[in-house]
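*Asks:* Fold the following for me, if possible:
(chains A and B)
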Amino acid sequence: MAVCIAVIAKENYPLYIRSVPVQNELKFHYTVHTSLDVVEEKISAVGKAMADQRELYLGLLYPTEDYKVYPSHMIIVYYTPVCIFFLLIENILLYRHTRYGYVTNSKVKFVIVVDSSNTSLRDNEIRSMFRKLHNSFTDVMCNPFYNPGDTIQSKAFDSMVSAMMVQAS
Amino acid sequence: MADEALFQFLHNEVIQYIYKSSEHGEMENGRCITKLENMGFRVGQGLIERFTKDTARFKDELDVMKFICKDFWTCVFKKQIDNLRTNHQGIYVLQDNKFRLLTQLSAGKQYLEHAPKVRKHNGGKLTCQALFIPGQLSPHEWFSLPLSLQYLAFTCGLVRGGLSNLGVKSIVTAEVSVMPACKFQVMIQKM
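*Replies:* Numbers count the residues shown, from 1 in each chain, chains lettered A, B, ... in the order given. Got it, this is the predicted structure:
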């Protein structure tokens, strides 16, 4: 179950970003932006090494990274002895996010951020999510009313992405 | 399969329509070929997205050109390019000895020897290189263009659009020596 899905154009600007916990949207934007560097690294590495890895799927971009959510009152009481109690709460609120990348032959990048605090998704499930994304993106591209380079505003694409996102609590 | 004939008919009608709409007082210099080429460009972008969905990543430019010659041409015209030549410095010549969109035109010279004015631009060889520069041709010259070049503009755009979506900027021109054989020249622009 994805937490954030992003489609990034050849020139590295976002064509489509959507994340589920809407209040932390900016953090996801930053996350996706930083993962672009890793994507570029992977693409150029394949070119130099002339490896057989010519797949479009890039796999795990980062080792699992911690991402903490701070409720606002914690910052004030941080240095009191009571902070130990709050640190416990902090651990419960810890989310672990993993990022996966995929680059098409037309240099359009897809990044999926997944919340792996519950069951970890198998590689095949991630691959199938990317395949569905690529298929919908191809359909958007072939739409004669869509100009390549615009943000994606297709309802069909939106509904496909919603089906992949986790249900907001 | 009926689908080939459908596209050929549509293509012919599009050319007729653009040719006619330029007659009715619009007098755009050579813009009709540009219109056809731009149509081909957008179609090429969408087609490439669909065709490269499951193919492996391309290693280099030559790989991209080979894909255009084999898979792309097969998907669009049901045959491959017969000859690919390059000077390894960014110029590729794709030769098709029996171009699908020209087979319905008569194989004689009547459609080639129609334009002495065009020949003046290129020193005897009929190419449509001059046509992509707006303002180069007057409306009278446009009307006397060999019909075969009008039929190639869409395909030039198709190739250019496909290459641009794969990250290769180029200029594509076409040349007809003997119908229905034609050559597409691709000049890669290094940015």
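
*Asks:* in the longest strand along chain A, what counts as buried?
*Replies:* In chain A, with assignment by DSSP state E, the single longest strand is strand A:95-103. Buried residues in strand A:95-103, defined by neighbour count with 16 or more other C-beta atoms under 10 Å in any protein chain shown: A:97, A:98, A:99, A:100, A:101, A:102, A:103. Quick note: C-beta positions are derived from backbone N, CA and C, even for glycine.

*Asks:* export the helix or strand that it is followed by as PDB, just CAs?
*Replies:* Of the helices and strands lying after strand A:95-103 in sequence (DSSP states H and E), the nearest is strand A:109-115. Extracted C-alpha coordinates of strand A:109-115, given in PDB (Å, rounded to 0.1, in the frame of the first residue of the first chain):
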ATOM      1  CA  LYS A 109      10.500   8.600 -13.600                       C
ATOM      2  CA  PHE A 110       8.000   7.000 -11.200                       C
ATOM      3  CA  VAL A 111       8.700   7.000  -7.500                       C
ATOM      4  CA  ILE A 112       6.600   5.100  -5.000                       C
ATOM      5  CA  VAL A 113       7.000   5.700  -1.300                       C
ATOM      6  CA  VAL A 114       5.700   2.900   0.800                       C
ATOM      7  CA  ASP A 115       4.900   2.700   4.500                       C
END
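
*Asks:* low-confidence ranges in chain B?
*Replies:* For chain B, applying pLDDT under 70 flags the ranges B:1-2, B:23-30, B:107-148, B:191.

*Asks:* what residues does chain B put near chain A?
*Replies:* Within chain B, the residues that sit near chain A (C-beta under 8 Å from any C-beta of the partner chain) are B:42, B:45-50, B:52-53, B:55-59, B:165-167.

*Asks:* Find the centremost residue of chain B, please.
*Replies:* With distances taken as C-alpha atoms, centre = their mean, the residue of chain B nearest its centroid is residue B:156 (2.5 Å).

*Asks:* follow-up on the earlier one: just the buried ones among the residues of chain B next to chain A, please.
*Replies:* For those, buried by 16+ other C-beta under 10 Å: B:42, B:45, B:46, B:47, B:48, B:49, B:52, B:53, B:57, B:58, B:165, B:166.

*Asks:* ok, now which ones touch residue A:110?
*Replies:* When contacts are counted by C-beta atoms under 8 Å, 6 or more residues apart in numbering or on different chains, residue A:110 touches A:5, A:6, A:7, A:8, A:101, A:102, A:103, A:104, A:130, A:133, A:134, A:137.
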